[in-house]
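J.: Only the shape, not the letters, is given here:
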């Protein structure tokens, strides 16, 4: 069964990268130019941090994520969004994840704080495995017509 890849952005702190690398599936870092400029070849999931300094006018979505999503191919193939956030951001916690999900009409699959806990990693693996199964079933379903 195909494992749905996770495209993620991680700043120099490496918190999101640390989480992504524990998911035991293909993960691609949008901080790397080759991935940021690529187009996907099937369903994929976005993992993005939210950044907020307290100013409501500040954008929470990382520029690398914006660039990757500027491709219509990538936007159409995205099947869900996951987010890393910092509860110190208050009402802006997980804002990037939630904003992208709302704009794209895709579900928020999972949210965690900072680099996540071992429980977060285990639960996220389960969520992604369930997604893999659902996508495989949908792919194998006969087309009506």
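T.: Structure received. None of these values were measured; they are calculated from a predicted model.
J.: mean confidence score for the helix or strand harbouring residue 82?
T.: Per DSSP states H and E, residue 82 falls inside strand 78-85. Averaging pLDDT along strand 78-85 yields 95.
J.: same thing with stretch 39-58?
T.: Here the average pLDDT along stretch 39-58 is 81.
J.: I'd guessed residue 132 sits against residue 4; true?
T.: Yes. Here residue 132 lies in contact with residue 4, judged by C-beta atoms under 8 Å, at a distance of 5.5 Å. The way it works is simple: take the backbone N, C-alpha and C, and place the C-beta from them, glycine included.
J.: Show me the helices in the protein, by range?
T.: Secondary structure of the chain by DSSP state H: the helices cover 15-21, 33-36, 63-69, 72-77, 95-104, 118-140.
J.: Okay, buried residues for stretch 112-131 please.
T.: For stretch 112-131, the neighbour count (16 or more other C-beta atoms under 10 Å) marks 112-116, 120-121, 124, 128, 131 as buried.
J.: How far does it sit from its chain's centre?
T.: The chain centroid and the centroid of stretch 112-131 are separated by 12 Å, computed with C-alpha atoms, centre = their mean, to the nearest Å.
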